[in-house]
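Colleague: For reference, the sequence and a predicted model appear below.
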Amino acid sequence: MATPIISVRNLGKKYRLGFTHEGKTYKTLRDTIAHSVRRVVQGAKGIAGSGELLNNPITQSHNNSITNSPNDSHEFWALKDISFDVQQGEVLGIIGANGAGKSTLLKILSQITEPTEGEIRIKGRVASLLEVGTGFHPELSGRENVYMNGAILGMTKAEIKSKFDEIVAFAEVEKFIDTPIKRYSSGMQVRLAFAVAAHLEPEILVVDEVLAVGDMEFQKKCIGQMGKVAKEGRTVLFVSHNMGTISRLCETGILLDKGKIIEMGDVNSVVRKYLTMPVSSSDIDLTLVQNRNGTGSAKFSRVITRNGDGKVCDTFTIGDDIVFDIHISGGNWIQSGRMSLEITSGEGIPIYHLVAYDAGFELSNLMEKAVVRVILKQQKLYPGDYYVTLWLADRAYEALDHIFNAFKFSVIEGGSLLTRPIDRSAAVVHEIPIWEIKAE
């Protein structure tokens, strides 16, 4: 059997909640080489040789200990006993609820975060797209950032130049390519970041749900590009909450829950396992969610789901009212905020797009902490699990916080609108129209 391009054995990552390393500062590779990039773009040799190390196989073996913690009860294992292999050309989907450890795993594989224990073997260059603007230096222009990222991947200036026009065209940022990245919107940043990661020919492409920031057409373009990358024999690791996309794009899957692998193998089997997992909670702490996008000026902090009687619950029958109490923090400066909820089925099919502005509702003069209540009256969803994506923006529609599939709830048979047994596959939404008959 061929040697895996990625091999992970007994991987674990432990955090100490509320613990920091006093007095330490960290200097990133991005900051170290950023001042050299302008000379690379202008024709100087710049960062010669930076790719030699990155082109060699990477082996990391860790048995680190975190000390000086006053209370061991504050230990938190984000990952524990993770072992798997990925073959060259394989497209692997990694799924799980928020907080399952998906983003932590990708950050370790991308060498952004160091594991606490275990061994990782990686052959080839890794291009990662884990959040908006990953790997970009805000003070450099789009052009300079393209060259910097290529240099980090070990590419020569000539190689980057040959791909440059294709990258810019894909990202649709031609007019702004010489503008500093800090002036870009989150959508522009993610378009350019994806274009760089996908076109600079890494052996391994790692993508973590950042596509939720782009519009639908760009998301389709990205999915197509990832499929093209896979057909060229390169390896793709893809995290998504959209089970339809995972099933279409990936061949194999890994299901994480509370930092452990609970299912691994054929992607369709893994997706089925995920969709049958119980709803975790009706009172969700969103401050722990790492996989989110936006400026962070205001954030979703908590969601409580209730029925029409005010009872906290996450399971409803057809015809029940569903009440979402959505807590927002840090938004005291918002003059006229925008907010929306998107509800999708477990298969990733959009059902409802609930936009506050459509109802004439704006988050005017939002306080430091506020609760927005959204009531879905007499919902008509057929039995199944449903996922809710949260989006918050300022008046100019710049995303402040965007959590894809922030939480889920369930609908079961019964209720005031429908008591007969039904076939779940027959439909998504139940509706009773006006029925009439007359003679011709």
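Modeller: Ah, there it is. Numbering: from 1, shown residues only.

Colleague: Go over the secondary structure and confirm Phe170 is in a strand.
Modeller: No. Counting by DSSP: H, G, I helix; E, B strand; the rest coil, Phe170 is not found in a strand; it is helix.

Colleague: My guess is it contacts Gly224. True?
Modeller: No. Applying Cβ atoms under 8 Å as the test, Phe170 and Gly224 come out as separate, 10.6 Å apart. In short, each C-beta sits where N, CA and C put it, glycine included.

Colleague: who has more neighbours, the two?
Modeller: Phe170 (20 against 11; other Cβ atoms under 10 Å).

Colleague: Tell me if Val303 really is in a helix.
Modeller: No. Val303 is assigned strand when assessed by three-state DSSP, not a helix.

Colleague: which residues does it bridge with?
Modeller: Here Val303 sits in beta bridges with Ile284, Ile326, going by DSSP bridges.

Colleague: Now do the contacts for it.
Modeller: For Val303, the contact set (Cβ atoms under 8 Å, 6 or more residues apart in numbering) comprises 283-284, 286, 324-327, 388, 390, 406-407.

Colleague: Recalculate using a threshold of 10 Å.
Modeller: Listed by Cβ atoms under 10 Å, 6 or more residues apart in numbering, the contact partners of Val303 are 281-286, 324-327, 371, 374, 388, 390, 403, 406-407, 409.

Colleague: and what of Asp385?
Modeller: Here Asp385 is in contact with 274-279, 314-315, 344-347, 408-411 (criterion: Cβ under 10 Å, 6+ apart).

Colleague: excluding its backbone neighbours, what's nearest it?
Modeller: The shortest distance from Asp385 to any residue other than its chain neighbours is 4.4 Å, reached at Gly346 (Cβ to Cβ, 6 or more residues apart in numbering).

Colleague: Thought Ser247 was touching the one you found, still the case?
Modeller: No. At 11.5 Å, Gly346 and Ser247 do not qualify as touching, with contact defined as Cβ atoms under 10 Å.

Colleague: Quick check: neighbours shared by the two?
Modeller: Any residue near both Gly346 and Ser247 by Cβ under 10 Å, 6+ apart counts here, and that gives 271-272.

Colleague: Run through the helices of the stretch 251-400 of the chain in chain order.
Modeller: 267-275 (DSSP state H, counting those that start in this stretch).

Colleague: So, low pLDDT: which residues of the stretch 1-150 of the chain?
Modeller: 1, 17-74, 131-135 (pLDDT under 70).

Colleague: what are the ranges of the helices in it?
Modeller: 29-41, 51-55, 102-109, 142-152.

Colleague: Format the CA atom coordinates belonging to the top strand by length along the chain as PDB.
Modeller: Looking across the chain with DSSP state E, the single longest strand is strand 399-412. C-alpha atoms of strand 399-412 as PDB (Å, rounded to 0.1, in the frame of the first residue of the first chain):
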ATOM      1  CA  ALA A 399     -20.100  41.200   8.500                       C
ATOM      2  CA  LEU A 400     -19.500  41.600  12.200                       C
ATOM      3  CA  ASP A 401     -20.200  38.000  13.100                       C
ATOM      4  CA  HIS A 402     -21.200  35.000  11.000                       C
ATOM      5  CA  ILE A 403     -21.500  31.500  12.500                       C
ATOM      6  CA  PHE A 404     -22.400  28.800   9.900                       C
ATOM      7  CA  ASN A 405     -24.700  26.200  11.500                       C
ATOM      8  CA  ALA A 406     -24.400  27.800  14.900                       C
ATOM      9  CA  PHE A 407     -27.000  25.400  16.400                       C
ATOM     10  CA  LYS A 408     -29.700  22.900  15.500                       C
ATOM     11  CA  PHE A 409     -33.100  21.900  16.600                       C
ATOM     12  CA  SER A 410     -35.400  18.900  15.800                       C
ATOM     13  CA  VAL A 411     -39.000  18.500  14.600                       C
ATOM     14  CA  ILE A 412     -40.900  15.300  15.400                       C
END
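
Colleague: Could you chop the chain up by domain?
Modeller: The domain map for the chain lists 6-275, 283-426, with the assignment taken from automatic domain parsing.

Colleague: Is the closest residue to Asp178 other than its chain neighbours bridged to anything, and to what?
Modeller: The shortest distance from Asp178 to any non-neighbouring residue, by Cβ to Cβ, 6+ apart, is to Ser141 (4.9 Å). On the basis of DSSP bridges, Ser141 is bridged to Pro180.

Colleague: Counting neighbours, what do you get for Ser141?
Modeller: Neighbours of Ser141 (other Cβ under 10 Å): 21.

Colleague: thinking it is in contact with Ile177, fair?
Modeller: Yes. Counting by Cβ under 10 Å, Ser141 touches Ile177, with 6.9 Å between them.

Colleague: circling back: going through the contacts of Asp385, which ones are buried?
Modeller: 274, 279, 314, 344-346, 408-411 (16 or more other Cβ atoms under 10 Å).

Colleague: can you name the two of these that are farthest apart?
Modeller: The largest separation in the buried ones among the contacts of Asp385, counting by Cβ to Cβ, is between Tyr274 and Val411 at 17.7 Å.

Colleague: tell me the contacts of Leu237?
Modeller: 6, 86, 90-94, 105-106, 109-110, 126, 128, 204-208, 250, 254.

Colleague: mind running it again at 7 Å?
Modeller: 92, 94, 106, 109, 206 (Cβ atoms under 7 Å, 6 or more residues apart in numbering).

Colleague: between those residues, which is nearest Leu192?
Modeller: Nearest to Leu192 among the contacts of Leu237, with distances taken as Cβ to Cβ, is Val206, at 16.9 Å.

Colleague: what residues are up against the closest one?
Modeller: By Cβ under 7 Å, 6+ apart, the neighbours of Val206 are 106, 109-110, 126, 128-129, 237.

Colleague: Return the closest of those residues with respect to Ala399.
Modeller: Nearest member of the contacts of Val206 to Ala399, counting by Cβ to Cβ, is Leu129, at 16.7 Å.

Colleague: In this structure the closest one contacts Ala197, no?
Modeller: Yes. With contact defined as Cβ atoms under 7 Å, Leu129 counts as touching Ala197 (4.6 Å).
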